[in-house]
Structures are given as structure tokens and as C-alpha cells.
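> 3D, please:
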Amino acid sequence: MNLFINQLFTDPETFCAIILIIVFSICCHEFSHAWMALKQGDSTAADTGHLTLNPFKQMGVMSLVMLAFFGLAFGKVPVNPQRMKHRYSEALVAFAGPAMNLILFFVFCLIAAVTTLLEVQTVSVNFFKMGAMFNMALFLLNIMPIPILDGFTIFKGIFPNIRKIPLEKSEFMKGMIVIAFIMIFMFARYFFIAGIISTHFVTGLLMRLLSATGMF
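Coordinates of the predicted model:
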């Protein structure tokens with residue numbers, strides 16, 4: 001089996017760039033969940049130390065190992081919806097993570113546009129474009145309305161009847177987790193394709209807008 005970590009030996013520069021981008025992006029994603037939960041009245045995440053960008057806290061050793069070997073990673077922030085202010089609080093907390101990835105997407109695109117106009121080294125430009133691409137992919141992945149992903153929690157907040165689904169039953173959850181992983185693997189390449197297309201489009205648009213200001 002061709003493990004992701006093999007790239008460390010064949011293309012160490014790209015391997016390190018991908019690891020750095022994914023770890024940073026996931027930690028920002030999880031921090032946003034924790035921050036929004038606190039704003040919505042739930043201090044569970046804050047009390048357990050999740051208002052941090054520390055990858056060992058936000059992702060854990062298992063996730064970091066999986067990232068290094070297989071290119072797959074995850075994060076988890078504990079929240080208690082019962083402590084939140086109103087019925088939409090849980091959905092807001094869930095959306096905060098993907099929203100951060102969307103913000104990072106635009107930030108990386110902007111930096112890529114500026115560095116391109118300044119004729120900075122191609123390696124640096126590609127790093128920022130890669131950051132934008134991965135964050136768009138993470139955004140699209142996390143808003144999928146299936147259990148264990150943020151998108152499902154967002155839908156629960158918008159459509160309260162979904163709460164009647166027996167998520168607490170272990171057999172049901174096991175089935176949903178299997179379905180979730182199947183769908184993720186099925187659509188993963190399309191998330192990255194969408195990330196590449198959107199990165200090129202937004203970066204190009206920002207370059208034209210910046211050039212039009214006469215700053216470059």
C-alpha cells in the first residue's frame with residue numbers, strides 16, 4: 001500500500017507543506033468551535049483547554065499519526081448544547097468551524113495574489129495556493145449534512161425534526177459513521193477539484209482587483 005508518509009522521502013517539501021497547512025487549518029477550525037461555544041454560553045471547550053491552536057490538544061496523537069501516514073486527520077471539541085443560549089446556538093457553534101476554513105481560504109488566496117504580483121518565489125506562491133485549496137476542501141467536506149460532520153449539526157438546528165432521529169443508539173451511529181466515511185472517500189477528489197478551481201478563480205480575481213488599484 002502506498003502510504004502518504006512515503007512522500008516524505010520522495011518530495012519532503014510538499015509533504016511538510018501539506019502537514020503544516022492541514023494541522024494549522026484543523027486547529028483553527030476547532031478553536032472556532034470552542035470560541036463560538038463560549039460566546040453561546042457553553043464553557044465546556046474552554047474549561048477543557050480547547051481555546052488553543054495546540055495540535056496535540058485539538059487533534060490528538062492518533063489524528064497526527066494518521067495524518068502523517070495516511071493523509072487523513074480530524075479534530076474534536078467537547079460541547080454541551082444544554083448550556084447554550086438558544087435553539088440556534090448549536091448550529092452556530094457547528095458552523096463556526098467551516099466558516100473559519102472559508103475565511104482561511106480567502107486569506108490564503110489574498111496572500112497568494114499579493115505574492116504573485118510581487119513576483120515572490122514560486123514555492124511560496126504555491127504554498128499559499130495549496131493552503132487555500134485545502135481549506136476550501138475542508139469547508140466543503142464539513143458542511144456535508146451527514147452525522148459526525150458539522151453539516152448535520154447545522155441542519156439539526158435549522159430543521160428541528162431531525163433531532164428525532166435516534167442518534168443515541170450505538171448501532172445507528174455505527175452505521176452512520178460507515179456511511180460517512182464511504183461518502184467522504186467517494187467525494188474527496190471532487191472537494192479537492194473544487195478547491196483547485198475556486199483557488200485559481202478567486203486568486204485571479206483578487207490579482208485583477210489589486211492591479212486595478214495601482215498598488216502593484
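> Counting by contacts, list what the one helix or strand M130 maps to packs against.
Element membership of M130 [criterion: DSSP states H and E] is helix 122-142. Here helix 122-142 touches helix 12-39, helix 89-117, helix 170-212, going by 3 or more Cβ pairs under 8 Å, 6 or more residues apart in numbering; DSSP states H and E. Every C-beta, even on glycine, is put in place using the N, C-alpha and C of the backbone.
> Nearest to Q82, out of those?
Counting by Cβ to Cβ, Q82 lies closest to helix 89-117 out of these; the figure is 9.6 Å.
> I'd like the average pLDDT over that closest one.
In this model, helix 89-117 carries a mean pLDDT of 96.
> Okay, buried residues for it please.
89-102, 104-105, 108-116 (16 or more other Cβ atoms under 10 Å).
> same check, this time on stretch 48-55
Along stretch 48-55, these residues count as buried under the neighbour rule (16+ other Cβ under 10 Å): 50-51, 55.
> How about stretch 53-64?
So for stretch 53-64, counting by 16+ other Cβ under 10 Å, buried means 55, 57-59, 63-64.
> Centre of the chain to it, how far?
14 Å (Cα atoms, centre = their mean, to the nearest Å).
> end to end, how far does it reach?
End-to-end distance for stretch 53-64: 14 Å, by Cα to Cα, to the nearest Å.
> what does it contact?
Contact with stretch 53-64 is made by 23-24, 26-28, 30-31, 49-50, 52, 67, 73-77, as judged by Cβ atoms under 8 Å, 6 or more residues apart in numbering.
> And for the closest residue to T199 other than its chain neighbours, the neighbour number?
Using Cβ to Cβ, 6 or more residues apart in numbering and skipping residues adjacent in sequence, the residue nearest T199 is A132, 4.3 Å away. By other Cβ atoms under 10 Å, the residues close to A132 number 28.
> need the contact list for the closest residue in space to F216 that isn't next to it in sequence.
Nearest residue to F216 in three dimensions, chain neighbours excluded: L117, at 4.1 Å (Cβ to Cβ, 6+ apart). L117 sits next to 207, 210-211, 216 when contact means Cβ under 8 Å, 6+ apart.
> Thanks a lot, see you next time.
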